[in-house]
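Participant: How does the following fold in three dimensions:
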Amino acid sequence: MIMKKKLILGAVGTIAAVTLFAGVVNADTTDPAPLIGESSIVINAGAITLDTVPSLTFEDQDITEDGFISDGEASDVFTITDLRGGDTGWILNAVASELTLTTGAYDLPVSDLTITPAEGGIEDSDVTGISGNIYQTEGTILKAGPDTNGKQEIDVDSSSLSAGEALKAGTYEGTITYTLGDEITE
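Facilitator: As a prediction, the model looks like this:
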């Protein structure tokens, strides 16, 4: 009979342990309220830069009594990088100098020098290409509205050079100065 008691006590002890363990498991499975953390970042403004501009080479021409109009070819694209992170937009102006004969002191009698940015080359719809005479007169050739942050690469669609009479044969050279304005001024 003593053996029966030990078995009964063992069974009671096992049942008590299972009941106690089951109670602890139930208490641990309740979810606590979620905790919320925060996140933040500071974005620092950068600069606006004019990275590349085209040089223009015009087709060879023969001397005529009426002058000529010559189409040009661009060596590169316009690349403007705006990392300011604002909404002020920008403008690109250009002015072409006189074209001087490389072998002497004679300026080509230019009446018009134009450059036209390509509409298809403008990646951002807020950038507008403007065609106009830039010969010895500064003119706006690109205008960007607000939200044109980032890098813009704009092709040149066309350029032309018109010269009058009294031409001298030879090679002429000049410069085109491009100036990036950091905001649109109407």
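
Participant: The residue most central in space within the chain pairs with what?
Facilitator: The C-alpha lying nearest the average C-alpha coordinate of the chain belongs to residue 151 (C-alpha atoms, centre = their mean; 1.3 Å). Under DSSP bridges, the beta-bridge partners of residue 151 are residue 81.

Participant: Model confidence for it, exactly?
Facilitator: Looking at residue 151, its pLDDT stands at 88.

Participant: how near is it to residue 96?
Facilitator: For residue 151, the distance to residue 96 (C-beta to C-beta, to the nearest Å) stands at 26 Å. Any C-beta I mention is one placed from the backbone N, CA and C, and that applies to glycine too.

Participant: do the same with residue 131
Facilitator: Using C-beta to C-beta, residue 131 is found at 14 Å from residue 96.

Participant: These two: which is more packed in?
Facilitator: Between residue 131 and residue 96, residue 96 has the larger neighbour count (other C-beta atoms under 10 Å), namely 24 against 15.

Participant: Now do the strands for this protein: every range, in order, please.
Facilitator: Along the chain, the stretches classed as strands by DSSP state E are 48-52, 56-58, 68-74, 78-82, 90-96, 100-101, 110-117, 127-129, 132-133, 139-144, 150-154, 156-163, 172-173, 176-181.

Participant: between those, which one is nearest to residue 38?
Facilitator: strand 150-154 (28.5 Å; C-beta to C-beta).

Participant: ok, and for that closest one, which residues are buried?
Facilitator: 152, 154 (16 or more other C-beta atoms under 10 Å).

Participant: Just name whatever secondary elements it is in contact with.
Facilitator: Counting contacts by 3 or more C-beta pairs under 8 Å, 6 or more residues apart in numbering; DSSP states H and E, strand 150-154 packs against strand 78-82, strand 127-129.

Participant: Of the ones you listed, which shows the lowest average pLDDT?
Facilitator: When these are compared by mean pLDDT, strand 127-129 comes last with a mean of 85.

Participant: where does that one sit relative to the chain's centre, distance-wise?
Facilitator: Put simply, strand 127-129 sits 13 Å off its chain's centre (C-alpha atoms, centre = their mean, to the nearest Å).

Participant: List the pairing partners of that strand within its sheet, with orientation.
Facilitator: Here strand 127-129 has these sheet partners by DSSP bridges: strand 139-144 (antiparallel).
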